[in-house]
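K.L.:
quick one, what's the 3D model for this:
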Amino acid sequence: MEESFDRLLHVLDAPPSTTKTGPDYINSPEKRRWDLEICAASRPLFTRLVVIGAGTMLLWDGKNPFFTQERIGKDGKPFPLCKMRTMKSARGMTASLGPSDPQAVPPGLFLRRRLIDELTQWWNVRRGQMSWCNARPLVRAEIFHDPVALREDGRQLTMQRVCGRRLFDRWWPAYTLGRPGLASTFKSELFVPGTEEYMIARAHANIEQADTASPEQDRDLMLAMAYRTLSAMKEGFV
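P.N.:
This is a model prediction of the structure:
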């Protein structure tokens, strides 16, 4: 496994292939090529982590550890996000409350805090529905305010309602500019998920990432993700 991890670090440490930044970089062929290089380098490591994580959930309750959830991606188009179940059930349309979501079962909390449950999205990146680094994809119920229909989880806050027209009109184009990512610059751990403060901070972070995206920024985000994965290896998970 150390060899697989070193292979991933080798790709991340390679010199940038472009000097493009911002929107020019987000939709560039260089960024897509880098995504595919990460897919190739990470496949052995991430596959093993996903298999062990899924097996852990299967042993816990005997239920299917995988499901898909519709998310809103590039150009506002929906796509099926590949997910590893960390809760008792997967209803398919509700939003997460972050790594420490109280709905998660004990082994699920371990997987969430080390991002192992997100590694199934390798397939979304490989298919071109996602990128490794960009704004995280949201479910439709988190974005658009519907005065009639209540959200399945009972919370009615949405990006559209919380941000107001001015901020939402800046955030939506930034959010849908490119393929959504696994790693973003939004520091979600500093906020309580699902709150107005959380959503406004997410909007500003997504707008800034769309403006400042670069190969260097992507490398730093992926390194942080890689070392969180390494922590699971050191704890004897693999």
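
K.L.:
how many other residues sit next to Asn134?
P.N.:
Neighbourhood size, Asn134 [other CB atoms under 10 Å]: 28. Every C-beta, even on glycine, is put in place using the N, C-alpha and C of the backbone.

K.L.:
from here on, count from 675
P.N.:
I'll keep to 675 as the first residue from here, and by that count the last item is Asn808.

K.L.:
please verify my assumption that it contacts Gly852.
P.N.:
Yes: applying CB atoms under 8 Å, one finds Asn808 in contact with Gly852, separated by 5.4 Å.

K.L.:
list the residues that contact both of these two?
P.N.:
Ile700, Ala887 (CB atoms under 8 Å, 6 or more residues apart in numbering).

K.L.:
could you tell me how far the worst-scoring helix or strand of the chain on mean pLDDT lies from the centre of the chain?
P.N.:
Sorting the helices and strands of the chain by mean pLDDT, DSSP states H and E puts helix 780-787 at the bottom, at a mean of 80. In terms of CA atoms, centre = their mean, to the nearest Å, the centre of helix 780-787 is set 16 Å apart from its chain centre.

K.L.:
swap in stretch 735-745?
P.N.:
Averaging C-alpha positions (CA atoms, centre = their mean) puts stretch 735-745 16 Å from its chain's average.

K.L.:
cool, and stretch 737-751?
P.N.:
Distance, stretch centre to chain centre, for stretch 737-751: 11 Å (CA atoms, centre = their mean).

K.L.:
what's the answer for stretch 795-806, then?
P.N.:
The answer for stretch 795-806 is 10 Å, by CA atoms, centre = their mean.

K.L.:
ends of it, what's the gap?
P.N.:
For stretch 795-806, the separation between the terminal residues is 9 Å (CA to CA, to the nearest Å).

K.L.:
contact partners for Tyr699?
P.N.:
When contacts are counted by CB under 8 Å, 6+ apart, Tyr699 touches Thr692, Lys705, Ala887, Ser888, Pro889.

K.L.:
can you show me the strands along this protein?
P.N.:
740-746, 752-758, 805-807, 855-857 (DSSP state E).

K.L.:
and of those strands, who's closest to Ile817?
P.N.:
Nearest to Ile817 among the strands of the chain is strand 740-746 (6.1 Å), distances taken as CB to CB.

K.L.:
tell me the pLDDT at the nearest residue to Asp885 once chain neighbours are set aside?
P.N.:
Excluding its sequence neighbours, the residue lying closest to Asp885 (CB to CB, 6 or more residues apart in numbering) is Gly696, at 5.3 Å. Note for Gly696: predicted pLDDT of 98.

K.L.:
swap in Thr760?
P.N.:
87.

K.L.:
show me the contacts for the residue sitting nearest the centre point of the chain.
P.N.:
Centroid check for the chain by CA atoms, centre = their mean gives Leu856 as the closest residue, at 2.9 Å. Neighbour list for Leu856: Leu789, Glu792, Gln795, Val799, Met804, Trp806, Cys807, Arg810, Met899 [criterion: CB under 8 Å, 6+ apart].

K.L.:
nearest to His819, of the residues you listed?
P.N.:
Arg810 (19.6 Å).

K.L.:
just give the nearest non-adjacent residue to that closest one, would you?
P.N.:
Of all residues not flanking Arg810 in the chain, Ser858 sits nearest, at 5.1 Å (CB to CB, 6+ apart).

K.L.:
what count of nearby residues applies to the one you found?
P.N.:
Around Ser858 there are 18 residues (other CB under 10 Å).
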